[in-house]
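# Please find the sequence and the predicted model below.
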Amino acid sequence: MNKGDDIVEIGVEPIFDNFAEPPGVFIREEIEARGWSQRDLAFILGYTEQTITKVISGKSGISAEMAKALGEAFGTSASVWAGLQKEWELREARDPDPSIRARAAMQGKFPIREMISRGWLMEAEQSVLEMQFARFFELEQANDNYVAFLAAARKTEQNHHRPEELAWLYRVRQLARQMETPTYSEEKLRQSLPQLRSLMVDPEDLRLIPGVLAECGVRFLIVEKLVNCKIDGVCTWIGDQPVIGMTLRQNRLDNFWFVLRHEIEHVLAGDGRDGREIIDVDMENPNSIINLDDDLRKMEEAADEAAKNFPFPHEKLTSFYRRKHPYISEKDVIGFSSLNEVHPAIVIGQIQYLKKDFSWLRKWLVTTRHNIMPFSFVDGFGNNVSAPL
């Protein structure tokens, strides 16, 4: 083998230049240069002649063990022969499917695999998958726009939303199109607030909420969040129809009512009607709106204020808290809840945030999913809805 033409060794790592022959060809050159036969090489290496014949003819490859043996026999490093075998196998291997690179680009920006597993997209060859992607995200032209959409996915201009959050938002929009409600009436929604407020006593009354909202022309649905997201809810619009989407991430009564009233306030204010939706994420974290621009932060603060004061004026709670703190008894809480006609879980939830103690009277906290989901449009939680793209 002419090492100068084909292999240059740097330390123990060989660099292989262009060649298009199996490694057995170079073994033949080595034994011919030494005047050996294949039988001689078999004797030297301790292999059968049949094994050596198969390797030289290209019917078998060079194992790692044989590469070491050939290095000893020819006075070279084992990496020379192992490298020749590896390069030949790579040359002979089929070229990868071009869609691999495209799917890697998509998965690098959006949780495509999870979206497929949730039934939001269907598994398909790449061009069809790209078409589905474009339709899912309401892009007019798949070929031109979806690449630009991918490229912009992690920019702050994209409404401050992470790709996982955007995917959840568009799933809400996709499913909301399947729902039918009367024409939206802001007046009816405002008039419904006392009725909704009356449902804060008994958790079983949550089942009535979708119907109340539907009568006002509001499409209400529950879509389970994606992995590694802390989405709570969103207000978005399909034409002139408002949509409230929730995740029930916290699955507790106090959080449910806070998120719902927060999103209702967004609807009443017309927030998101211009296409600049606010996906409400990690709402229990007071720092969640710090990075928003002034307009968005004002919208969030107004919605928070409405939600905070919906069960009763928040000042009433803080006054109660100041009078009783730090010795607030369970009896005190039950009495305050009864006086204000709300379930104790709602009062306890608010006091937990004031105390910054989320274990306090935790036994009173009530879960919500079993009361609201059977009467709502639900996607996820083991029920993946089929929707046309």
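Right, received. Where do you want to start?
# contacts, neighbours, all on C-alpha from now
Will do.
# do you know how far Y353 is from F26?
As judged by CA to CA, to the nearest Å, Y353 and F26 stand 75 Å apart.
# Looking at those two, which is more packed in?
Using other CA atoms under 10 Å, the more surrounded residue of Y353 and F26 is F26, with 17 against 12.
# Mind telling me what element the more buried one is part of?
Taking DSSP states H and E as the criterion, the element that holds F26 is helix 23-33.
# Any regions of the stretch 151-300 of the chain where pLDDT drops low?
Within the stretch 151-300 of the chain, the stretches with pLDDT under 70 are 151-160.
# ok, which stretches of it are helices?
Here the stretch 151-300 of the chain has its helices, by DSSP state H, counting those that start in this stretch, at 163-176, 186-197, 209-215, 253-269, 294-308.
# ok, residues contacting the shortest one?
Read it as helix 209-215. Helix 209-215 is touched from outside by T181, P182, L189, S192, L196, R219, F220, F375, S376, with contacts defined as CA atoms under 8 Å, 6 or more residues apart in numbering.
# list the contacts for the third one?
Taking CA under 8 Å, 6+ apart as the criterion, L189 is in contact with L213, C216, L268.
# swap the cut-off to 7 Å and go again
C216 (CA atoms under 7 Å, 6 or more residues apart in numbering).
# Outside of the helix holding F26 itself, list whatever touches it.
Residues contacting helix 23-33 (CA under 7 Å, 6+ apart): M1, S37, V55, I56, S57, G58, L84, Q85.
# burial count for E32?
13.
# pLDDT score for it?
pLDDT, the model's per-residue confidence, is 94 for E32.
# quick one: it and D202, what's the gap?
Applying CA to CA to E32 and D202 gives a distance of 93 Å.
# in this protein, which spans are strands?
7-10, 13-16, 219-223, 231-238, 241-246, 278-281, 377-379 (DSSP state E).
# Compile these into CSV and extend it with columns for distance to V347.
Formatted as CSV, the strands of the chain follow (distance: least, CA to CA, whole Å):
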stretch, distance to V347
strand 7-10, 73
strand 13-16, 70
strand 219-223, 24
strand 231-238, 20
strand 241-246, 22
strand 278-281, 22
strand 377-379, 28
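# Including mean neighbour count and distance to L365, could those go into a markdown table?
Shown next, in a markdown table, are these (neighbours: other CA atoms under 10 Å; distance: least, CA to CA, whole Å):
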| stretch | mean neighbour count | distance to L365 |
| --- | --- | --- |
| strand 7-10 | 14 | 69 |
| strand 13-16 | 15 | 65 |
| strand 219-223 | 25 | 21 |
| strand 231-238 | 25 | 18 |
| strand 241-246 | 25 | 19 |
| strand 278-281 | 21 | 21 |
| strand 377-379 | 21 | 23 |
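# so T183 makes contact with G217?
Yes - under the criterion of CA atoms under 7 Å, T183 is in contact with G217, at a separation of 5.1 Å.
# neighbour count winner among these two?
Between T183 and G217, counting by other CA under 10 Å, G217 is the more crowded of the two (22 against 14).
# Restrict stretch 88-102 to CA atoms and write it as PDB.
Output of stretch 88-102 as PDB, limited to C-alpha atoms (Å, rounded to 0.1, in the frame of the first residue of the first chain):
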ATOM      1  CA  TRP A  88     -15.500   2.300   3.100                       C
ATOM      2  CA  GLU A  89     -18.700   1.500   5.100                       C
ATOM      3  CA  LEU A  90     -19.600   5.200   5.100                       C
ATOM      4  CA  ARG A  91     -19.000   5.400   1.300                       C
ATOM      5  CA  GLU A  92     -21.100   2.400   0.700                       C
ATOM      6  CA  ALA A  93     -23.900   3.400   3.100                       C
ATOM      7  CA  ARG A  94     -27.100   4.800   1.500                       C
ATOM      8  CA  ASP A  95     -27.500   8.500   1.600                       C
ATOM      9  CA  PRO A  96     -29.800   9.600   4.400                       C
ATOM     10  CA  ASP A  97     -33.400  10.700   3.600                       C
ATOM     11  CA  PRO A  98     -33.300  14.500   2.900                       C
ATOM     12  CA  SER A  99     -36.200  15.000   5.200                       C
ATOM     13  CA  ILE A 100     -34.000  14.200   8.200                       C
ATOM     14  CA  ARG A 101     -32.400  17.600   8.000                       C
ATOM     15  CA  ALA A 102     -35.700  19.300   7.500                       C
END
